[in-house]
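> Kindly return the folded structure for what I paste below:
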Amino acid sequence: MVLNYLFAKYYTNIDLEEIDSIDDFRALFDYMQINRICINDNWVKEYIGDDMAIVKSIENKYRKSIVALYETEQSLGYAVKK
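Below you'll find the model as predicted:
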């Protein structure tokens with residue numbers, strides 16, 4: 001649902017300003033399914049695969065740095081220095 005929401009926000013002209021509850025998200029998802037504008041893996045690969053690859057690479061960089069920071073803060077050496 002989140003991927004479809006982001007697709008609707010950035011790749012369509014659907015107004016999403018008033019979506020603020022889970023029921024609104026469900027209604028959006030139903031609308032997108034009925035009108036055949038939902039994202040599936042084949043669609044992503046064909047149309048926005050390059051964009052998704054960039055987003056995933058950014059996500060991986062952040063994830064690695066966050067994990068490294070967490071592991072450092074939880075280490076014994078870090079606790080002793082504090």
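> ranges for the helices of the protein?
With helices called from DSSP state H, the chain shows them at 2-11, 22-34, 41-47, 49-73, 76-81.
> Could you list the buried residues of the first one?
Residues of helix 2-11 classed as buried: 4-5, 7-8 (neighbour count, 16 or more other C-beta atoms under 10 Å). For every residue, glycine as well, the C-beta is placed using N, CA and C.
> what's the most distant pair in those residues?
5 and 7 (7.2 Å; C-beta to C-beta).
> just to revisit the earlier point, can you redo the buried residues of helix 2-11 as CSV with pLDDT and distance to residue 25?
Conversion of the buried residues of helix 2-11 to CSV gives the following (pLDDT from 0 to 100; distance: C-beta to C-beta, whole Å):
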residue, pLDDT, distance to residue 25
4, 71, 9
5, 74, 7
7, 76, 13
8, 77, 10
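> Walk me through the domains of the protein.
The chain breaks down into these domains under automatic domain parsing: 1-39, 49-82.
> Go through the ones you listed and find the least confident stretch.
When the domains of the chain are compared by mean pLDDT, domain 1-39 comes last with a mean of 77.
> for it, which positions count as buried?
For domain 1-39, a neighbour-count test (16+ other C-beta under 10 Å) marks 4-5, 7-8, 19, 25, 28, 32, 38-39 as buried.
> For those, work out which two are farthest apart.
Within these, 19 and 39 form the most distant pair, 16.9 Å apart (C-beta to C-beta).
> Which one of the buried residues of domain 1-39 is nearest to residue 51?
residue 7 (10.1 Å).
> now what about stretch 16-24, what contacts it?
Outside stretch 16-24, the residues that touch it by C-beta atoms under 8 Å, 6 or more residues apart in numbering are 5, 8-9, 25, 28.
> Closest one to residue 80 out of those residues, please.
Using C-beta to C-beta, the contacts of stretch 16-24 come closest to residue 80 at residue 5, 45.3 Å.
> show me the residues around that closest one that make contact.
By C-beta under 8 Å, 6+ apart, the residues touching residue 5 are 16, 19, 25, 28.
> rerun at 10 Å
14, 16, 19, 24-25, 28-29, 32, 39 (C-beta atoms under 10 Å, 6 or more residues apart in numbering).
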